[in-house]
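> Kindly return the folded structure for what I paste below:
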Amino acid sequence: MASEANRRRYNIKPFRNHLPMDKKDAEETWNVLGSAMDEIYNRNASVLSFEELYRNAYNLVLHKYGAFLYDKVSENMTLHLTATVNQLQNSRGCMLQAMADAWKDHQMTASMIRDILMYLDRTYVVQQRRRPVYELGLHLFRVTVWDHPAICKEVTDLILTSVQQERNQAAMDDGPSSGNVAANANTNMMNDARDKVKSILRMLLELQQTDSSSNAYCDLEQILLGTTMEFYHKESLQYLSEHTAMDYVRKAVKRIQEEKERCAALQLPSRTEVPFMGMVQTELIERHAKALVDMDKSGFRELLVTTDKLEDMGAMYDLFARVPSSIDFLREALSDRIKKDGRALIADQEKGEAAPAAFVRGVLEMREKYDQVVQVSFRNEKKAQKRMAEAFEDFLNADARAASCLAVYVDELLRSGLRGSSEEQVQQELEKAIVVFRYVQDKDVFESFYKQHLAKRLLFSRSVSDDAERTMVSLLKAECGYQYTSKLEGMFNDIRISRETRDKYKNYQRQQGDNRSAVDIEVDVLTTGYWPSQQVPPCTLPAPAQDAIERFEKFYLEKHTGRKLSWQTSAGSAEVRAVFGAPPNVRRHELCVSTYQMVILMLYNDSDELTLGQIRTMTHIPDSELRRQLISLCTPRNKILIKGSKGKGITSDDDTFTFNREYTSKLKRVRIPLVKEASISPREGAAGADAGGGFASGDVVIDGTVPVPVEEDRRHSVEAAIVRIMKARKTLSHNDLVAEVTKQLSIRFNPSPVFIKKRVESLIEREYLERSQVEHRLYTYVA
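Numbers count the residues shown, from 1 in each chain. Got it, this is the predicted structure:
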């Protein structure tokens, strides 16, 4: 333990009583503080002792003179700010600079005074819930200086004038250049003016943020927005009336960039910059968007006519993108242009001025053109892509014409258009056709015509390649599913099996030693249901051909018991060896003809001249098709028969047809093409459309209506869909049933609600469905 001597001694002294400060002492203490504030305002703060001043303020607050001190500080500040007002009123011509300097000085002075009166802020101000000293200084500055009518109005006017001069100078700079020196001088003056305006705007913003009763910044903000709107409203109207649309676009882009740079230079807060730029864009873009699109000779609609203005259209799109709602005008113009061009193609098709394949080529050219517009000018925007697709769908689905024309176009490609093309080129061309196919809603109409053309290509070996055919089917399958192409794939399978059957038949003939037949027959055995329907009764074949048929039928039915062969003589072809001239000048040719033409020509082995009536009686070929076959044999290029009557048509059953022994040709093998149905009279053509059936039907839809067989298939498809849905759901309302049926069948066609309603009524009559007794629009499935 420490010794007693080492212990520290503590002396306890009595409590010292502080003498209270009287009013006189408080006045004297304030006089010291007031003098110090005067020195601070006079920029002589370096001579002051801030520790002594802080102690004086501390003593005043400690002795309950906080309110006295607070009021005296307020009076002193007000007195000095009043002097500042007088100085500002005398600063004519440089008010902005004077205001900026006065604000900077006041900020520094208020900060020093706040430091001296820190104890006042921490005690009295908090207890009495009064403004802190610094905020008091800002409040007094606003009330005394800024709210002074003369100063507020003049500074506001000067700010607006400065901004207006900038804008006017920018407009002048668009004209002829006045030299680099002048441009640099203008830039320096503009930057100097911006610094002054920026200082005052920051002042007003701080005044409003620290004083909840102040709207100083908001008031100036509203005035600035209003004058800006008025300026651009007038300028945009005038400029648009005197210049082209693209000149206006460039001007608007430049103006918007200027305003954006001005906002950055003035350091406007986001609460001001966003509505400010929004208002500028409204005046420059939104108000004139429709006019820029519709403007004669230079508007967006005019630019769409050609494809050499992609960058100009892109510039307009970029401008409109600043106001997204304005882009709708561009999309609408694109849609209208596509529809207009599409309707022009349809009009040419209706007038017969363009072939079906030419119609599709026109559509593909349109697609390539406007796809480039969307990719380049619309920056590959998804909404623009959608509007383009909708526009193509609009005119392509006006009727069933487009579906049939597309089938003809694909037929032309696969017969000759792709000959010599590489595998990649074939894929590209067929994918282009699929692009149009996606737009077409009547996919069942396309299937019907495509099946007819495919049947001809397969049966007569007219395809450029089997690979191209299968590529097309695989593309259709990818688009519409397996069911859509199942019959097409069945057709390919039939052809493959038929080739194998022909080889087996030849082996069978060799094994049988059958050399009796003068006719070498090749048979394609087709599955009913896969191929286009044939409802034409067989004609009367020559005896040699009939014998060959019977021998093949015997062979086939021995291999496939239970099957039935139905011979389609309207779809075959034949090679006939014909002899022309008289000995010794005999000319031999092989004529490639249809089965009907072969039947007709074989009659001339027994007679040199026959009438139409006689030929019809002996062959039983349908009248309209017989006329078409005979006219094909009487054409000037291949005049195998000589028609007795004049003119292109056949007038009556008594018209004679004589075998032309004087026929000559440079070719040993001569193909006799069939004339088109349009080559015969309208009456005959109408009849031929019915009688020809199957492969002999027309290539395209003439009047745009859905073909009768397709319409019949649609009735069955809708009824089957209704029964499937009702069997699963048991009870369903009319609207829900229509929606379900439309959804299921949209892959093939879009049935109208009226069409579906008729099929529902038919099913109710046949007792597949029944109406609810309670709700008329509610259906119940009848098991």
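> doesn't residue 591 fall inside a helix?
No - the assignment for residue 591 by DSSP: H, G, I helix; E, B strand; the rest coil gives strand, which leaves it out of any helix.
> what are the bridge partners for it, then?
Counting by DSSP bridges, residue 591 forms beta bridges with residue 576, residue 670.
> other SSEs contacting the host helix or strand of residue 220?
Assessed by DSSP states H and E, residue 220 sits inside helix 216-242. For helix 216-242, the elements it packs on are helix 149-173, helix 180-210, helix 245-265, helix 270-284, judged by 3 or more CB pairs under 8 Å, 6 or more residues apart in numbering; DSSP states H and E. Glycine gets a C-beta too; all of them are placed from N, C-alpha and C.
> Tell me the gap between that helix and the middle of its chain.
35 Å (CA atoms, centre = their mean, to the nearest Å).
> For that helix, list every residue counted as buried.
For helix 216-242, a neighbour-count test (16 or more other CB atoms under 10 Å) marks 216-217, 220-221, 224-225, 228, 231-232, 235-236, 239-240 as buried.
> quick check: angle from that helix to helix 149-173?
For helix 216-242 against helix 149-173, the angle by axes from the mean of the first three to the mean of the last three CA atoms, to 10 degrees is 30 degrees.
> Let me know the closest of the buried residues of helix 216-242 to residue 465.
Residue 465 lies nearest to residue 240 out of the buried residues of helix 216-242, by CB to CB, at 58.5 Å.
> I figured that closest one was touching residue 288, is that so?
Yes - contact status for residue 240 versus residue 288: in contact at 5.8 Å, counting by CB atoms under 8 Å.
> anything in contact with each of the two?
residue 248 (CB atoms under 8 Å, 6 or more residues apart in numbering).
> and the closest residue to residue 537 other than its chain neighbours, how many neighbours?
Nearest non-adjacent residue to residue 537, counting by CB to CB, 6 or more residues apart in numbering: residue 620, 7.2 Å away. Here the number of neighbours of residue 620 (other CB atoms under 10 Å) works out to 15.
> low-confidence ranges in the protein?
Scanning the chain for pLDDT under 70 picks out 1-19, 173-186, 514-518, 534, 677-703.
> Between the helices and strands packed on helix 216-242, which one is closest to residue 414.
helix 245-265 (45.3 Å).
> hmm, who's touching that closest one?
163, 166-167, 170, 174, 191, 194, 198, 228, 232, 236, 239-240, 243, 272-273, 276-277, 280-281, 284-285, 288, 292, 295, 298-300, 312, 315-316, 318-319, 322.
> where's stretch 54-70 relative to the chain centroid, distance-wise?
75 Å.
> Ends of that stretch, what's the gap?
Using CA to CA, to the nearest Å, the end-to-end distance of stretch 54-70 comes to 14 Å.
> secondary structure element for the spatially most central residue of the chain?
The centroid of the chain falls nearest to residue 385 when counting by CA atoms, centre = their mean (2.1 Å). Per DSSP H and E: residue 385 is located in helix 382-396.
> Give me the distance from whatever helix or strand comes next after that helix to the chain's centre.
Note on helix 382-396: by DSSP H and E, the next helix or strand toward the C-terminus is helix 401-412. Relative to the centre of its chain, helix 401-412 is centred 25 Å away, using CA atoms, centre = their mean.
> Quick check: which helices or strands does helix 401-412 pack against?
helix 327-351, helix 356-372, helix 423-439, helix 443-459.
> looking at those, which is buried most?
helix 443-459 (a mean of 22; mean count of other CB atoms under 10 Å).
> and that helix, C-alpha only, in CSV?
The C-alpha coordinates for helix 443-459 follow below in CSV (Å, rounded to 0.1, in the frame of the first residue of the first chain):
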residue,chain,number,x,y,z
LYS,A,443,-54.3,-22.1,-95.9
ASP,A,444,-56.8,-24.8,-96.8
VAL,A,445,-57.4,-23.1,-100.2
PHE,A,446,-53.6,-23.0,-100.7
GLU,A,447,-53.5,-26.7,-99.8
SER,A,448,-56.2,-27.6,-102.3
PHE,A,449,-54.5,-25.8,-105.2
TYR,A,450,-51.0,-26.9,-104.1
LYS,A,451,-52.2,-30.5,-104.1
GLN,A,452,-53.5,-30.2,-107.6
HIS,A,453,-50.3,-28.8,-108.9
LEU,A,454,-48.2,-31.3,-106.9
ALA,A,455,-50.3,-34.1,-108.5
LYS,A,456,-49.5,-32.9,-112.0
ARG,A,457,-45.8,-32.5,-111.2
LEU,A,458,-45.5,-36.0,-109.6
LEU,A,459,-47.6,-37.8,-112.2
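> now the angle between helix 356-372 and it, please.
120 degrees.
> Show me what the helix or strand just after helix 443-459 packs onto, helices and strands only.
Later in the chain than helix 443-459, the nearest helix or strand by DSSP H and E is helix 466-480. If you count contacts as 3+ CB pairs under 8 Å, 6+ apart, helix 466-480 packs onto helix 423-439, helix 443-459, helix 482-512.
> Which of the helices and strands packed on helix 401-412 sits closest to residue 494?
The stretch from these with the least distance to residue 494 (CB to CB) is helix 443-459; that distance is 8.3 Å.
> counting contacts, what elements does that closest one pack onto?
Checking 3+ CB pairs under 8 Å, 6+ apart, helix 443-459 ends up next to helix 401-412, helix 466-480, helix 482-512, helix 708-729.
> Switch these over to TSV; also include mean neighbour count.
Shown next, in TSV, are these (neighbours: other CB atoms under 10 Å):
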stretch	mean neighbour count
helix 401-412	26
helix 466-480	17
helix 482-512	15
helix 708-729	16
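> Was I right to think residue 266 contacts residue 196?
No - with contact defined as CB under 8 Å, residue 266 does not count as touching residue 196 (10.3 Å).
> where do the strands sit along the stretch 501-650 of the chain?
Secondary structure of the stretch 501-650 of the chain (DSSP state E, counting those that start in this stretch): strands at 573-580, 587-594, 609-611, 641-643.
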